[in-house]
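**Student:** model this:
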Amino acid sequence: MKSGNTLLDSHPESSTPSRSRTRVALWAILVTSLMAGSTASALNINLTYAPDSTFTNAGLSMADINAMKAANTYTALQLTSRFNDNINVNIMVSANPGTGGLGESSSFIRSVSNYAALRAAMTADSRTADDATALAAGGSVPAADPIGTAHQYQVTQAQAKALGLIPDNAVTVDGTFTFFGGHMYTYDPNNRAVAGRFDFIGLALHEFTEIMGRIGNMGDGMPTPQYMQMDLFHYSAAGTRGLNKGPGRSFSIDNGTTLLKAFNDFNANMGDLQDWASGTNDAFNAFSSDGVLNDMSEVDLRVMDVIGYDRVAVASGSAANISTRLPVGMGDNILITGFIIQGPGGSTKRILVRAIGPSTGLAGALADPTLELRDSAGALMASNDNWMTTQIGGIIAADQVAEIQASGLAPTNNAESALIATLAPGSYTAQIRGANSTTGIGVAQAYDLNLASAARLANLSTRGFVQTGDNLMIGGFIIANNPLRVVVRGIGPSLIPFGIPNALADPTLELRDSNGALVLDNNNWRQTQETELIGTGLQPSDNLESALVTTLQPGGYTALLRGTNNGTGVGVVEVFALQ
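**Tutor:** Numbers count the residues shown, from 1 in each chain. Model prediction:
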């Protein structure tokens with residue numbers, strides 16, 4: 001893609017025995033002023049990277065490179081936590097200099113012998129209601145080939161593995177994601193809508209899923225017209241296929257009876273014909289602007305399901321990771337992040353905990369944060385000071401540096417701290433201090449490395465000294481998979497009986513989405529949702545404290561805690577999952 005309204009066209013490249021097709025990546029840029037690896041699911045996305053010199057030549061700093069790799073790992077986790085095919089998808093990541101586009105994907109293509117073989121593979125792979133609908137009478141994949149003229153069907157190499165058409169392997173690259181380094185990107189999963197920056201995770205989701213098979217072709221190819229498997233799901237009306245690249249095509253799994261989302265008009269706009277038309281921000285859109293979050297929608301997940309990936313049934317959403325920023329003091333004014341893991345007996349949750357300071361880039365950042373992980377009794381379980389040096393002891397029995405690096409979540413500054421722990425259901429705290437009694441703004445973060453686990457992060461809390469201006473308490477969290485009903489609380493006065501004399505006298509609370517838009521706010525919990533909060537049993541014990549209850553869609557959120565009338569003191573932000 002190029003900036004403005006011009007897209008680069010996609011073009012095939014010959015390769016034997018499979019064929020590589022370059023797909024023009026995500027969006028035309030409308031500038032208006034515009035872990036991969038193993039989880040508990042069997043789907044693995046293995047990421048390899050071009051040499052760092054490739055990325056520096058494309059305009060990235062070393063900090064950018066580290067953040068980019070962490071963002072790709074997070075992107076892969078969004079897919080491996082939602083689909084559980086027992087395969088490896090092997091993706092190479094590279095970069096080009098300049099702003100000629102946002103990115104592009106190149107996938108190896110496999111031909112299928114005939115329609116009957118393709119449909120048989122889809123039938124054998126059928127796991128979900130959408131798969132069954134697509135293959136049933138009146139579905140989009142009928143018993144007989146719907147295309148009457150001479151043609152051939154194709155799938156991407158990764159998709160061929162998902163459908164069982166070729167054996168799995170964890171070595172051979174299935175496709176390459178190349179992005180253009182001249183643009184400004186935001187790589188932070190907790191802050192994906194940043195003015196003047198493009199959502200890199202949304203871009204990576206777009207390209208990864210193309211490599212996995214989300215591409216179209218609509219009869220291009222000589223001498224025999226070629227159709228991708230996804231072309232079977234393009235419709236213009238009930239019973240009328242949209243086997244073209246023009247307007248009026250929509251995604252449908254039931255032979256056009258239900259048109260779920262409109263495809264991009266390639267003839268008018270260029271771009272990719274299987275991307276969505278402009279509308280609601282979405283990772284699969286053909287066009288986007290800077291400053292917006294582009295995540296996968298429910299329809300996007302249904303697309304991936306019917307093109308060959310086995311969607312995981314998730315009963316409710318879960319908290320995927322948490323992050324809190326606050327001035328870190330001494331004594332009672334250190335930064336303490338607490339979390340509760342819930343799950344059946346024998347279940348565990350693997351998490352990565354970080355203490356961040358210098359890499360925040362903030363004036364007055366904590367220069368050398370240290371990290372302690374403690375259980376519900378306050379017993380020390382693990383600690384770290386400088387993540388490149390593992391501190392053996394407690395639950396840490398071996399060096400963790402390589403594992404932290406492999407997670408893609410390694411801190412970008414060697415003075416910052418991190419550790420990985422496998423935890424049983426229970427209550428835990430991560431405590432952040434400055435080495436040698438230093439103070440400054442620090443960030444505590446906990447990442448769920450295993451979203452598919454039966455255990456989940458249920459309740460999250462952070463305690464620290466709330467000041468004024470930019471030194472308020474900011475607690476971030478991500479809801480993954482499905483909507484989740486939560487109670488968010490801002491606590492102050494009720495801390496006094498627990499030996500905190502300088503508690504925040506009158507906390508006020510705001511909940512904002514990843515775009516910074518206000519979701520709800522509260523000052524004194526009885527003023528707004530009193531009945532609903534009492535119904536949850538989680539109402540604060542002091543009338544001056546704040547609380548709200550709401551159902552949140554998957555995505556990133558921040559809870560902002562301040563003192564009314566610029567009050568200061570020790571406060572607590574809490575997030576409770578109700579499902």
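
**Student:** roughly how far is stretch 369-388 from the heart of the chain?
**Tutor:** In terms of Cα atoms, centre = their mean, to the nearest Å, the centre of stretch 369-388 is set 27 Å apart from its chain centre.

**Student:** So I474 versus N522, what's the distance?
**Tutor:** For I474, the distance to N522 (Cβ to Cβ, to the nearest Å) stands at 16 Å. Bear in mind the C-beta positions are built from the backbone N, C-alpha and C, glycine included.

**Student:** can you give me the helices in this structure?
**Tutor:** Per DSSP state H, the chain has helices spanning 52-57, 62-80, 115-125, 129-135, 157-162, 200-211, 266-269, 298-306, 401-407, 530-536. These are given in chain order.

**Student:** Include distance to A421, mean pLDDT and mean neighbour count when you put the ones you listed into JSON lines, please.
**Tutor:** Shown next, in JSON lines, are the helices of the chain (distance: least, Cβ to Cβ, whole Å; pLDDT from 0 to 100; neighbours: other Cβ atoms under 10 Å):
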{"stretch": "helix 52-57", "distance to A421": "29", "mean pLDDT": "96", "mean neighbour count": "15"}
{"stretch": "helix 62-80", "distance to A421": "18", "mean pLDDT": "89", "mean neighbour count": "22"}
{"stretch": "helix 115-125", "distance to A421": "36", "mean pLDDT": "97", "mean neighbour count": "17"}
{"stretch": "helix 129-135", "distance to A421": "37", "mean pLDDT": "96", "mean neighbour count": "19"}
{"stretch": "helix 157-162", "distance to A421": "32", "mean pLDDT": "97", "mean neighbour count": "27"}
{"stretch": "helix 200-211", "distance to A421": "25", "mean pLDDT": "96", "mean neighbour count": "27"}
{"stretch": "helix 266-269", "distance to A421": "48", "mean pLDDT": "87", "mean neighbour count": "16"}
{"stretch": "helix 298-306", "distance to A421": "30", "mean pLDDT": "94", "mean neighbour count": "20"}
{"stretch": "helix 401-407", "distance to A421": "11", "mean pLDDT": "88", "mean neighbour count": "16"}
{"stretch": "helix 530-536", "distance to A421": "30", "mean pLDDT": "87", "mean neighbour count": "13"}
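
**Student:** Output stretch 496-507 as CSV - backbone C-alpha positions only.
**Tutor:** C-alpha atoms of stretch 496-507 as CSV (Å, rounded to 0.1, in the frame of the first residue of the first chain):
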residue,chain,number,x,y,z
ILE,A,496,-7.3,3.3,57.4
PRO,A,497,-8.3,0.4,59.7
PHE,A,498,-5.7,-1.7,58.0
GLY,A,499,-2.9,0.6,59.2
ILE,A,500,-2.7,3.1,56.3
PRO,A,501,-3.1,6.5,58.0
ASN,A,502,-2.5,8.6,54.8
ALA,A,503,-5.2,7.0,52.8
LEU,A,504,-6.8,8.9,49.9
ALA,A,505,-9.8,10.6,51.5
ASP,A,506,-12.2,10.9,48.6
PRO,A,507,-11.2,8.9,45.5
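
**Student:** What are the contacting residues of it?
**Tutor:** 332, 465-466, 490-495, 523-524, 544-546, 561-565, 567-571 (Cβ atoms under 8 Å, 6 or more residues apart in numbering).

**Student:** Apply 10 Å and report the result again.
**Tutor:** For stretch 496-507, the surrounding residues in contact (Cβ atoms under 10 Å, 6 or more residues apart in numbering) are 332-333, 463, 465-466, 473, 489-495, 522-524, 540-542, 544-547, 561-565, 567-573.

**Student:** Buried among the residues you listed? Make that a ChimeraX selection.
**Tutor:** This is the ChimeraX syntax for the buried subset of the contacts of stretch 496-507, where burial follows 16 or more other Cβ atoms under 10 Å:
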select :332,333,463,465,466,473,489,490,491,492,493,494,495,522,523,524,540,542,544,545,546,547,561,562,563,567,568,569,570,571,572,573
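
**Student:** Which residues are in contact with T54?
**Tutor:** T54 makes contacts with 60, 65, 93-97, 178, 181, as judged by Cβ under 10 Å, 6+ apart.

**Student:** ok, now with 8 Å
**Tutor:** The contact partners of T54, taken as Cβ under 8 Å, 6+ apart, are 94-95.

**Student:** got it, and the one 3 residues further on?
**Tutor:** Neighbour list for N57: P97 [criterion: Cβ under 8 Å, 6+ apart].

**Student:** Dump the helices of the chain into JSON lines; add distance to A363 as well.
**Tutor:** What follows is those, written out as JSON lines (distance: least, Cβ to Cβ, whole Å):
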{"stretch": "helix 52-57", "distance to A363": "27"}
{"stretch": "helix 62-80", "distance to A363": "17"}
{"stretch": "helix 115-125", "distance to A363": "54"}
{"stretch": "helix 129-135", "distance to A363": "51"}
{"stretch": "helix 157-162", "distance to A363": "45"}
{"stretch": "helix 200-211", "distance to A363": "25"}
{"stretch": "helix 266-269", "distance to A363": "44"}
{"stretch": "helix 298-306", "distance to A363": "40"}
{"stretch": "helix 401-407", "distance to A363": "28"}
{"stretch": "helix 530-536", "distance to A363": "38"}
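
**Student:** how about those helices, which one is nearest P225?
**Tutor:** Nearest to P225, of all those, is helix 115-125, at 13.3 Å by Cβ to Cβ.

**Student:** Now do that closest one: everything it contacts.
**Tutor:** Residues lying outside helix 115-125 but in contact with it, judged by Cβ under 8 Å, 6+ apart, are 112, 131, 134-135, 141, 143-145, 147, 153, 155, 162-165, 229, 308, 310.

**Student:** chain center to that helix: distance?
**Tutor:** Counting by Cα atoms, centre = their mean, helix 115-125 is centred 31 Å from the centre of its parent chain.

**Student:** Alpha carbons only: can I get that helix in PDB?
**Tutor:** Extracted in PDB, the C-alpha atoms of helix 115-125 (Å, rounded to 0.1, in the frame of the first residue of the first chain):
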ATOM      1  CA  TYR A 115     -13.300 -29.400  -5.400                       C
ATOM      2  CA  ALA A 116     -14.300 -32.800  -4.000                       C
ATOM      3  CA  ALA A 117     -10.900 -33.000  -2.300                       C
ATOM      4  CA  LEU A 118     -11.200 -29.500  -0.900                       C
ATOM      5  CA  ARG A 119     -14.700 -30.100   0.400                       C
ATOM      6  CA  ALA A 120     -13.700 -33.500   1.900                       C
ATOM      7  CA  ALA A 121     -10.900 -31.800   3.800                       C
ATOM      8  CA  MET A 122     -13.300 -29.100   5.100                       C
ATOM      9  CA  THR A 123     -15.800 -31.800   6.200                       C
ATOM     10  CA  ALA A 124     -13.100 -33.700   8.000                       C
ATOM     11  CA  ASP A 125     -12.000 -30.500   9.700                       C
END
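
**Student:** Please list the members of the contacts of stretch 496-507 that lie in strands.
**Tutor:** Among the contacts of stretch 496-507, the ones falling in strands (DSSP state E) are 463, 465-466, 473, 489-491, 522, 546-547, 561-563, 569-573.

**Student:** ok, the nearest residue to G357 once chain neighbours are set aside - contacts?
**Tutor:** Distances taken as Cβ to Cβ, 6 or more residues apart in numbering place L366 nearest to G357, at 3.5 Å, with adjacent residues excluded. Listed by Cβ under 8 Å, 6+ apart, the contact partners of L366 are 328, 357-358, 432, 434, 438-442.
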